[in-house]
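Chemist: next comes the sequence, and after it the predicted model I'd like to discuss.
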Amino acid sequence: MVILFGLGFQQVQGKSLRMRLFQDFKDAKISYAQKLAYQGYWVFAPEKLPERYRGFSRVPAKCATSIVQELRENLHKLSETDRAFFRFIFLRPSPGMLPDSYDSPKGYFKIHYTTSGINSVPADDFNGNSIPDWIEETGKIFDHCYEFEIDTLGYEKPPVDNPNDPQIDVYMYNLNAYGFTTPDSQFVDGDRQVASYIEIDNNFKGSGFATHGLDALKVTAAHEMFHVIQLGYILRSTDFYFYEMSSVWMEDQVYNTINDYYANLPDFFNYPDLPLTTYNGAYEYGAAVWLRFLSLRHGRSIVRQIWQNMPDYNSLNAMQRVFVQEGSDFSTEFATFGIWNYFTGQRADTTKYYREGSHFPEIYVSQVVPFELDTA
């Protein structure tokens with residue numbers, strides 16, 4: 001019997017603005033410079049988007065790391081007006097914009113914020129120490145992510161941007177995104193040991209967020225902290241699909257009960273015809289299920305082993321090298337992955353396959369073709 005997976009028609013338009021822009025560029029409806037600028041406006045100034053895209057902008061970007069990096073690398077391709085607007089992406093938010101700061105309890109992070117204006121964080125201060133409770137919780141959450149990802153899971157400590165001030169900077173302000181991580185300006189594609197800083201939304205309010213409040217803050221901290229670690233291995237923009245699927249996978253390792261990633265799964269399961277390396281602003285987040293599959297089969301250290309190979313090999317070759325060390329290969333793993341992806345939703349077998357598979361979408365089956373094996 002052969003099961004043929006078809007395209008899930010209900011998601012063809014895509015919920016992500018970046019996915020729509022990707023398709024419009026592919027169909028020659030917009031230029032590359034327009035695609036680049038509109039991606040940036042989606043995150044930083046949705047009101048500047050053309051009218052036809054504003055409805056899509058209600059859903060914030062899951063992560064704007066690659067959007068910002070693509071702008072940094074291709075700013076010269078934008079119009080003069082767009083270049084002038086986006087020059088700020090080479091700079092950290094200024095003290096004038098975020099005048100207050102707070103050192104996390106363990107000292108790993110410096111949180112930059114404000115209590116006034118559009119960028120203000122929630123103002124509750126129940127312990128009366130003049131530091132917003134939201135900021136104190138932010139420090140605790142980021143410290144937990146740092147220690148879990150480095151001390152518990154064994155990833156390398158990231159490089160510091162300033163030996164005299166080694167804390168990782170986190171800037172909190174109003175974004176149309178959960179957050180993003182930015183390499184320091186002196187680094188270019190292909191560099192190793194890249195120091196970086198984090199920028200995240202100030203309150204995670206709005207109907208477009210799949211998760212809100214402290215839960216959204218937690219998964220964002222886990223996600224962006226892993227980007228900081230990844231850049232310590234290497235900055236390679238052609239592998240950004242793997243950076244994103246890895247960071248979504250990490251969210252669920254650090255905070256297993258929040259499950260923000262469920263919102264991204266349709267962008268994978270409804271497109272079984274797309275390659276695993278697809279990078280369109282939506283698919284790569286749902287494709288984190290690939291790493292969930294691998295870690296359930298081989299243990300979660302397999303993801304760390306892949307990242308340890310990343311400085312010397314691209315993501316596909318890094319995975320193949322680790323699979324061989326595990327007595328397998330890419331073809332075997334991917335074929336088995338296809339079987340697992342059938343057993344979701346009402347077809348889920350949570351003992352044999354994904355433990356949370358009953359919460360996953362079902363791949364649309366377009367046709368079942370019976371056949372007999374000739375063993376003669």
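Modeler: Perfect, thanks for sending it. Residues are numbered from 1 along each chain as shown.
Chemist: for the residue lying closest to Pro361 once chain neighbours are set aside, list the residues it contacts.
Modeler: Leaving aside its sequence neighbours, Pro361 sits nearest to Phe269 (Cβ to Cβ, 6 or more residues apart in numbering; 4.1 Å). All C-beta atoms are positioned from the backbone trio N, CA, C, and that covers glycine. Residues in contact with Phe269 (Cβ atoms under 8 Å, 6 or more residues apart in numbering) are 8, 286, 341, 344, 360-363.
Chemist: so how far is Leu296 from Thr351?
Modeler: 12 Å (Cβ to Cβ, to the nearest Å).
Chemist: the two: which has the busier surroundings?
Modeler: Taking other Cβ atoms under 10 Å, Thr351 and Leu296 do not tie; Leu296 has more neighbours (14 against 7).
Chemist: and Gln168, how many neighbours?
Modeler: Slight slip there: residue 168 is Ile, not Gln. By the measure other Cβ under 10 Å, the count of residues near Ile168 is 22.
Chemist: wait, doesn't it sit right on Gly107?
Modeler: No: the criterion here is Cβ atoms under 8 Å, and Ile168 misses it with Gly107 at 10.3 Å.
Chemist: helices along this structure, start to end?
Modeler: Along the chain, the stretches classed as helices by DSSP state H are 17-26, 32-44, 51-54, 65-74, 80-86, 133-147, 213-233, 240-254, 266-269, 283-286, 289-298, 301-309, 315-325, 330-342.
Chemist: winner for burial among those helices?
Modeler: helix 283-286 (a mean of 26; mean count of other Cβ atoms under 10 Å).
Chemist: so, low pLDDT: which residues of the stretch 1-150 of the chain?
Modeler: Low-confidence segments of the stretch 1-150 of the chain (pLDDT under 70): 1-15.
Chemist: ok, now with 50
Modeler: Scanning the stretch 1-150 of the chain for pLDDT under 50 picks out 1-14.
Chemist: Asp100: what's it in contact with?
Modeler: With contacts defined as Cβ under 8 Å, 6+ apart, the neighbours of Asp100 are 112-115.
Chemist: which one is Pro311 nearest to, not counting chain neighbours?
Modeler: In space, Pro311 is closest to Ile234, 4.7 Å off (Cβ to Cβ, 6+ apart).
Chemist: please look at the one you found and Phe187 and confirm they touch.
Modeler: No: the criterion here is Cβ under 8 Å, and Ile234 misses it with Phe187 at 10.4 Å.
Chemist: now do the shared contacts for these two.
Modeler: Here Ile234 and Phe187 have Val194 as joint contacts, going by Cβ under 8 Å, 6+ apart.
Chemist: got a list of what the residue nearest the centre of the chain touches?
Modeler: The centre of the chain sits closest to Glu244, judged by Cα atoms, centre = their mean, with a distance of 3.9 Å. Going by Cβ under 8 Å, 6+ apart, Glu244 touches 62-63, 65-66, 279, 284-285, 288.
Chemist: likewise for Glu362?
Modeler: With contact taken as Cβ under 8 Å, 6+ apart, Glu362 is in contact with 269, 344-347.
Chemist: ok, now Asp161?
Modeler: 169, 184, 195-197.
Chemist: recalculate using a threshold of 7 Å.
Modeler: Residues near Asp161 by Cβ atoms under 7 Å, 6 or more residues apart in numbering: 184, 195.
Chemist: give me the phi and psi angles of it.
Modeler: Per-residue torsions, Asp161: phi -80, psi -20 (degrees, to the nearest 10).
Chemist: need the pLDDT of it.
Modeler: pLDDT, Asp161: 89.
Chemist: measure it to Arg92 for me?
Modeler: 10 Å.
Chemist: what do you get for Phe180?
Modeler: Phe180 is 13 Å from Arg92, where distance means Cβ to Cβ.
Chemist: which of these two has more residues huddled nearby?
Modeler: Phe180 (26 against 17).
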